[in-house]
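>>> After the sequence you'll find the predicted model.
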Amino acid sequence: MNRQKALKCIVAQANQGDLVFPANVAASLKLQQTIDDPDCSVDTAAKLVLNEPLLAAKVVAIANSAAYNRGSDVTNVKAAISRLGFRTLRAIVSSLVIKQLAGTSKNPDIQLMTNRLWQHTAEVAALSQVIARRVTRLDPDTALFAGIVHEVGNFYLFSRAEEFPALLQPDELAHLHDISDDTQVSDDLPDFEDTLVDLESSEAIIGRAVAARLFLPAQVSEALDGMWYGLRAMPPETLADTLLLANELAVHKSPLDYNSYSESERFTSEIDFTVGDGTLASILEESDEELKTLTSALLV
């Protein structure tokens, strides 16, 4: 079975609502729903977070990152939650859920690609937070959350990779992007344009199904749709634009983005535009410490 057939099988399951989640995701979703309750207190939230040591470490690390620390460091979960607020806490809990979606495979290839995808996700989330705050003037907490969940579909695919090993392989038509119109394509290959449409829509179908199971806010779900199907405006305006720009600026690309730039081309982005009295480049330079510390905290 090649990657196209594997994707079609999972898309068919997603269309029927037949998603298979690792067991630990259910417990994390329950934690998320408790935190979403308007009556949930800081004390209650802190007790719940402390039950997940890695989550607790991440909450404190993010509260002490340059993006949120405007004074002295906090040294406990309760103080960290008070500084961050519940919307940011929800985003951090979602980061736990997203990582759990990939499962706990002992396959080194799956582990490697999962780690690469999470590195990409953390970078995009940090960039989205800064771009929302400094460029698009959107709620930075919502942008951070959207960045954390923007790869839900691909994390889910990694959870199915042992069952469908072909998911880790490049698309058999990926190399044809550079073929000229005059080049003869083998009749053994499926229709090129139809296949590209299928591959691009698969990510959106699977991602949308997983997002629905995670009860993502409508605003974030709409932004993900815009990212999957839309074109980025310049300068960016919407949450979808913010995600698309963050994706383009991210040095670490998704390991499943086989059609992205080559390794030698990834560091030559010249995206820039005027923002108020400055430029995107100057804003990113000024925010470099925030981006580094927030990305590192998310990777805890």
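Great, that's in hand. Numbering: from 1, shown residues only.
>>> How many residues are close by V93?
28 (other Cβ atoms under 10 Å). No exception for glycine: its C-beta is placed from N, CA and C like everyone else's.
>>> cool, and the one 3 residues further on?
Counted with other Cβ under 10 Å, residues neighbouring L96 total 22.
>>> right, and it touches P53 too?
No. Proximity of L96 to P53 does not meet the contact threshold set by Cβ atoms under 8 Å, at 11.2 Å.
>>> Any stretches of the chain with poor pLDDT?
Low-confidence segments of the chain, defined by pLDDT under 70: 171-200, 258-269.
>>> if you set the cut-off to 80 instead, what comes out?
1, 23, 70, 103-104, 169-200, 230, 257-270 (pLDDT under 80).
>>> longest helix in it, by residue count?
helix 108-131 (DSSP state H).
>>> got the CA positions of that one in CSV?
Output in CSV follows, covering the C-alpha atoms of helix 108-131 (Å, rounded to 0.1, in the frame of the first residue of the first chain):
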residue,chain,number,x,y,z
PRO,A,108,12.6,5.1,16.0
ASP,A,109,11.5,6.5,12.6
ILE,A,110,8.1,7.5,14.0
GLN,A,111,9.7,9.0,17.1
LEU,A,112,12.1,11.0,15.0
MET,A,113,9.4,12.4,12.7
THR,A,114,7.1,13.1,15.7
ASN,A,115,9.9,15.1,17.4
ARG,A,116,10.5,17.0,14.2
LEU,A,117,6.8,17.8,13.8
TRP,A,118,6.6,19.0,17.4
GLN,A,119,9.7,21.2,16.9
HIS,A,120,8.0,22.8,13.9
THR,A,121,4.7,23.2,15.8
ALA,A,122,6.4,24.9,18.8
GLU,A,123,8.2,27.3,16.4
VAL,A,124,5.0,28.1,14.5
ALA,A,125,3.1,28.6,17.8
ALA,A,126,5.7,31.1,19.1
LEU,A,127,5.8,32.9,15.8
SER,A,128,2.0,33.1,15.7
GLN,A,129,1.9,34.6,19.2
VAL,A,130,4.4,37.4,18.3
ILE,A,131,2.9,38.1,14.8
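>>> for the helix or strand harbouring R87, which positions count as buried?
R87 is part of helix 86-101, with elements assigned from DSSP states H and E. Within helix 86-101, the residues scored as buried using 16 or more other Cβ atoms under 10 Å are 86, 88-101.
>>> Equivalent analysis for stretch 104-123, please.
In stretch 104-123, counting by 16+ other Cβ under 10 Å, buried: 105, 110, 113-114, 117-123.
>>> can you check stretch 236-255 too?
Buried-residue list, stretch 236-255, by 16+ other Cβ under 10 Å: 236, 238-247, 249-250, 252-255.
>>> between the longest helix of the chain and helix 86-101, how many degrees?
Orientation of helix 108-131 against helix 86-101 (axes from the mean of the first three to the mean of the last three Cα atoms, to 10 degrees) gives an angle of 160 degrees.
>>> Can you tell me what sits against the helix or strand following helix 108-131?
Sequence order places helix 140-149 as the next helix or strand after helix 108-131, per DSSP H and E. Applying Cβ atoms under 8 Å, 6 or more residues apart in numbering, the contact partners of helix 140-149 are 85, 87-88, 90-91, 94-95, 98, 121, 124-133, 136, 211, 214, 216-217, 219-220, 223-224, 239, 242-243, 246, 298.
>>> Try it again at 7 Å.
87-88, 90-91, 94-95, 98, 121, 124-125, 128-129, 131-133, 216, 219-220, 223, 239, 242-243, 246 (Cβ atoms under 7 Å, 6 or more residues apart in numbering).
>>> Please identify which of the buried residues of helix 86-101 is nearest to K58.
Distance to K58 across those (Cβ to Cβ) is lowest for I92, with 5.8 Å.
>>> what's the distance between the nearest residue to L101 once chain neighbours are set aside and K58?
Excluding the flanking residues, the one nearest L101 by Cβ to Cβ, 6 or more residues apart in numbering is F155, at 4.1 Å. Separation of F155 from K58 (Cβ to Cβ, to the nearest Å) stands at 17 Å.
>>> do the same with E222
Taking Cβ to Cβ, one finds E222 at 27 Å from K58.
>>> Have a look at those two and say which one is more surrounded.
K58 (21 against 15).
>>> Helix 86-101 and whichever strand or helix holds that one, what's the angle between them?
Using DSSP H and E, K58 maps to helix 53-63. Angle, helix 53-63 to helix 86-101, by the same axes, to 10 degrees: 140 degrees.
>>> Can you work out which other helices and strands pack against helix 53-63?
helix 42-50, helix 77-84, helix 86-101, helix 288-298 (3 or more Cβ pairs under 7 Å, 6 or more residues apart in numbering; DSSP states H and E).
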